[in-house]
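Participant: when you get a sec, could you give me coordinates for this:
(chains A and B)
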Amino acid sequence: AQSVTQPDIHITVSEGASLELRCNYSYGATPYLFWYVQSPGQGLQLLLKYFSGDTLVQGIKGFEAEFKRSQSSFNLRKPSVHWSDAAEYFCAVGPDDNYGQNFVFGPGTRLSVLP
Amino acid sequence: DGGITQSPKYLFRKEGQNVTLSCEQNLNHDAMYWYRQDPGQGLRLIYYSQIVNDFQKGDIAEGYSVSREKKESFPLTVTSAQKNPTAFYLCATIDGSASYGYTFGSGTRLTVV
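Facilitator: As a prediction, the model looks like this:
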């Protein structure tokens, strides 16, 4: 079965510092991979996605992620964090053939940003 | 603007009551999903529907029910059989290929009082 791990439950960085959020997955074939961001009490917004082609993908808000098949990873990066980036970040993999086009989500990483 | 509307934003349920959460979309997406979110557990699939008048159970369907009478609407009922319903509920849709990813609503927070 597909699974996603996000090893860091909570990360704190200073504003202007670089950021890397880790995501590791288990999937039988080439997966579709996604990063979503969630502000408190809100829905999830898609940051970026990978399903084929260039393994370095660019997303919104200055985020990027790199797909590394050999490491089963899809880490999210940002060169300079802004205070508004404080939120929860979810990695997702799919589709899950058992459930239509469902995706499996990781437990999330909460990002705090120090001024 | 196209999007997903979830209502109400906050909902309170007494013990033994059924409550219904609304999810309406004007994106013309075929597939709709209900997820439950608890702190530290990510999102867990409750039910999904890929076409009108058809729906399937997800990982945690017990104590929940759904209907899909219209393409635009996918309401979720939390029944009294759901013993721990306090959570954040998210509705999502997908347009055709899974490669597009989900579009999410803004969620409903359900609290048992």
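Participant: residue A:46 falls within a strand, correct?
Facilitator: Yes: assessed with DSSP: H, G, I helix; E, B strand; the rest coil, residue A:46 lies in a strand.
Participant: give me the spatial nearest neighbour of it, chain neighbours excluded.
Facilitator: Leaving out its chain neighbours, the residue that sits closest to residue A:46 by CB to CB, 6 or more residues apart in numbering or on different chains is residue B:101, at 5.2 Å. (C-beta placed from N, C-alpha, C; glycine too.)
Participant: what's the answer for residue B:104, then?
Facilitator: Per CB to CB, 6+ apart, closest to residue B:104 is residue A:43, 3.7 Å.
Participant: quick one: contacts for that neighbour?
Facilitator: For residue A:43, the contacting residues are B:4, B:6, B:90, B:104, B:105, B:106, B:107, by CB atoms under 8 Å, 6 or more residues apart in numbering or on different chains.
Participant: any idea how far the residue lying closest to residue B:27 once chain neighbours are set aside is from chain A?
Facilitator: Using CB to CB, 6+ apart and skipping the chain neighbours, the partner closest in space to residue B:27 is residue B:2 (4.7 Å). From residue B:2 across to chain A, the span is 14 Å (CB to the nearest CB, to the nearest Å).
Participant: how about the helix or strand of chain A with the lowest mean pLDDT and chain B, any contact?
Facilitator: Here the helix or strand of chain A ranked lowest by mean pLDDT, DSSP states H and E is strand A:102-105, holding a mean of 88. Yes: interface with chain B: strand A:102-105 contributes A:102, A:103, A:105 (CB under 8 Å from any CB of the partner chain).
Participant: tell me who's in contact with the residue lying closest to residue A:91 once chain neighbours are set aside.
Facilitator: Taking CB to CB, 6+ apart, and ignoring the residues beside it in sequence, residue A:91 has residue A:23 as its nearest neighbour in space, at 3.5 Å. By CB under 8 Å, 6+ apart, the residues touching residue A:23 are A:4, A:5, A:6, A:33, A:35, A:73, A:74, A:75, A:76, A:91, A:106.
Participant: sketch out the low-pLDDT regions of chain B for me.
Facilitator: Within chain B, the stretches with pLDDT under 70 are B:1.
Participant: confirm residue A:84 sits in a helix?
Facilitator: Yes: looking at residue A:84 with three-state DSSP, it is inside a helix.
Participant: for residue 111, list each beta-bridge partner.
Facilitator: Defaulting to chain A. Bridge pairing for residue A:111 (DSSP bridges) gives the partners residue A:11, residue A:87.
Participant: can you look at chain B instead?
Facilitator: Using DSSP bridges, the bridge partners assigned to residue B:111 are residue B:12.
Participant: give me the number of residues near the residue nearest to residue B:27?
Facilitator: 9 (other CB atoms under 10 Å in any protein chain shown).
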